[in-house]
Structures are given as structure tokens and as C-alpha cells.
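Undergrad: Okay, sequence plus prediction incoming.
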Amino acid sequence: MRALLRDIYSTSHEFVRTFGAFQLFFLRLLQHSPRMLLRRPGLVVKQIYNAGALSLVIIMVCGFFVGGVLGLQGYANLARFNAEDSVGTVVALALIKELGPVITALLFAGRAGTALSSEIGLMKATDQLSAMEMMAVNPVRRVLVPRFLGGVVAMPLLVAIFTCIGLFGANVVSVNLLSVDVGAFWQQMQLSVAMDDIREGIFKSIVFGVVASVLAVWEGYNAIPTAEGVGRATTRTVVITAISVLILDFMITAVML
């Protein structure tokens, strides 16, 4: 019994300590972000390219086929009620409010998040971060903040692209393959999708961008400086980001409803 209580206490203590350290780390990133945007915007733009532009292929391909699947499923289910013309509304609401932000965040974690985590972890394993400190260069401000800001800025842009390509995929399947009237497809969508729905999608994309980016740089910066440690940090980045995104998606949806 004592051993069980000791294990519970040590686990709880470690969780609280890690959570507190994570909060302080996040505050340090926020503290240095305005100065980095004003003094070294080129570093941030480079990281936006690395996190955003290099993820466009997987985002666009997945967005097209997710939209196509939604078009197929929406048509098959709405045909039971003779409401095939509303398939555009169903696809648009699903992509804008839920699937666009969530799937993009998961793809971002699998592509850009792992790249950020492994890159920072390798810099730590090869003592590059220690060398910066020896030269009086703050590695948090010089290395971590640009990557954090790049992910935060890139995520809403990737979500917008994913949603647009998804709508195009749904249009191709519904209109060209299933013979849904193109005018009804887009008109029903325009009449049913409100600005509140778009704001919800934008808010989720920003929150998920912050979460995915800060978790990636956190895991990389705190990785054990070995090949195995970097691999574990990369795996934790994907797992923790996926869990956090899904939990936050439920919480945000519940609050906004």
C-alpha cells in the first residue's frame, strides 16, 4: 500500500513539475516573440516556409480526398430524404468547423511538428544550443521563437487551403460524378454557412497552431541528447499533439455551442 501511494505521489509530483516548467517555457516564448517579429522577421518568414509551404502537398492531397469522401457520404445519406442539393452545406460546415482545423493540425504534427522536434533535438544532441550559450546567444530567442511563430502563422493558412481544396473535391464528386446541380450546391452553402461558423474555424486553427508549435519546440528542446532520446521526443510530439488537439476541439465546440 505504501509503495502504491509513493508511486502515485511521485507521478503526481512529476506531472505538476513538468506542467509548471511547460508554462514557464511558453511564457518565455511569448516574451521574446514581439522582439523577434520586429528585429528578425526574416527568420520567422523562413520558418513559415518550412512549416507551411513544405506541408502544402500533403495538405492539398488530403483535403481533396476528405472533401470527396464527405461529398460521397453526404449525397448517399441525404438522398434518403430527397435533399441531395444540401450536400454542399453539410460538407462546408463539416470542413469549416471541425474537419479542416482538426485534420490539418494532425497532419501538421505529423509533418512539420516532427521536423521541428527532431531538428531542435539534434541541435541539442550535437551541442549546438550549448555553443550558442557559450557565445552569449540566447537559443530560445534565436532558435525556438522563430520556429514557434512560424508554426502559429502557418497553421491558419494551411487550414484555409485544406478547407478550400476540400470544398473543391466535394464539388468534383457531387457535381461531376453524382450530378448534383452546381447552382444548388453553392447557393445552399452560401445561405447556410454564417460568419460565426467561419470565426469558429479560424479560432480553432489559431489555438491548434499555438498548441502544435509549442509542443514541438518543447519536446525538441527537452529531448535527451541521444539518438534514442530524439526519436522518443519526436514520437511524443505527435502523440501529445493529437490528444491535445482532440480534447481542445471538444472543449471549444462545447463552449461555442
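TA: Perfect, thanks for sending it. Residues are numbered from 1 along each chain as shown.

Undergrad: For the stretch 1-150 of the chain, just list every one of the helices.
TA: 2-39, 41-51, 56-78, 87-94, 100-108, 114-125, 128-134, 139, 145-171 (DSSP state H, counting those that start in this stretch).

Undergrad: er, the stretch 151-257 of the chain actually
TA: Listed in chain order, the helices of the stretch 151-257 of the chain (DSSP H, counting those that start in this stretch) span 182-192, 195-221, 227-256.

Undergrad: Figure out which of the ones you listed is closest to residue 102.
TA: helix 227-256 (5.5 Å; CB to CB). To be clear about C-beta, it is placed using only N, CA and C from the backbone, and glycine gets the same treatment.

Undergrad: in the closest one, what counts as buried?
TA: For helix 227-256, burial by neighbour count (16 or more other CB atoms under 10 Å) applies to 230, 233-234, 236-238, 240-242, 244-245, 248-249, 252.

Undergrad: how far out from the middle of the chain is that helix?
TA: Centroid displacement of helix 227-256 relative to its chain, using CA atoms, centre = their mean, to the nearest Å, is 9 Å.

Undergrad: Show me what that helix is packed against.
TA: Under the contact criterion of 3 or more CB pairs under 8 Å, 6 or more residues apart in numbering; DSSP states H and E, helix 227-256 touches helix 100-108, helix 114-125, helix 195-221.

Undergrad: Give me the angle between it and helix 100-108.
TA: Put simply, helix 227-256 runs at 180 degrees to helix 100-108, going by axes from the mean of the first three to the mean of the last three CA atoms, to 10 degrees.

Undergrad: now helix 227-256: mean pLDDT?
TA: When pLDDT is averaged over helix 227-256, the result is 93.

Undergrad: do stretch 165-180 as well
TA: Rounded mean pLDDT across stretch 165-180 is 91.

Undergrad: Quick check: end-to-end length of it?
TA: By CA to CA, to the nearest Å, the extent of stretch 165-180 from end to end equals 18 Å.

Undergrad: residues making contact with it?
TA: Contacts to stretch 165-180, defined as CB atoms under 8 Å, 6 or more residues apart in numbering, come from residues 59-60, 63-68, 70-72, 74-75, 84-85, 87-88, 91-92, 95, 99-100, 181-182, 185-186, 189.

Undergrad: Which of these are buried? Put it as a PyMOL command.
TA: To isolate the buried members of the contacts of stretch 165-180 in PyMOL, using 16+ other CB under 10 Å:
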select buried, resi 59+60+63+64+66+67+68+70+71+72+74+75+84+85+87+88+91+92+95+99+100+185+189
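
Undergrad: was I right about residue 56 contacting residue 157?
TA: No: if you go by CB atoms under 8 Å, residue 56 and residue 157 don't touch, sitting 9.6 Å apart.

Undergrad: before we move on, the earlier item: okay, the helices and strands packed on helix 227-256, which one's buried deepest?
TA: Most buried of those, by mean neighbour count (mean count of other CB atoms under 10 Å): helix 100-108, with a mean of 25.

Undergrad: How many neighbouring residues does residue 51 have?
TA: Using other CB atoms under 10 Å, residue 51 has 30 neighbouring residues.

Undergrad: nearest to residue 10, of the helices of the stretch 151-257 of the chain?
TA: helix 227-256 (19.7 Å).

Undergrad: what angle sits between the closest one and helix 195-221?
TA: Using the same axes, to 10 degrees: helix 227-256 against helix 195-221 is 160 degrees.

Undergrad: Please report how far the closest residue to residue 151 other than its chain neighbours lies from residue 145.
TA: Nearest residue to residue 151 in three dimensions, chain neighbours excluded: residue 213, at 3.1 Å (CB to CB, 6 or more residues apart in numbering). Distance of residue 213 to residue 145, given as CB to CB, to the nearest Å: 10 Å.
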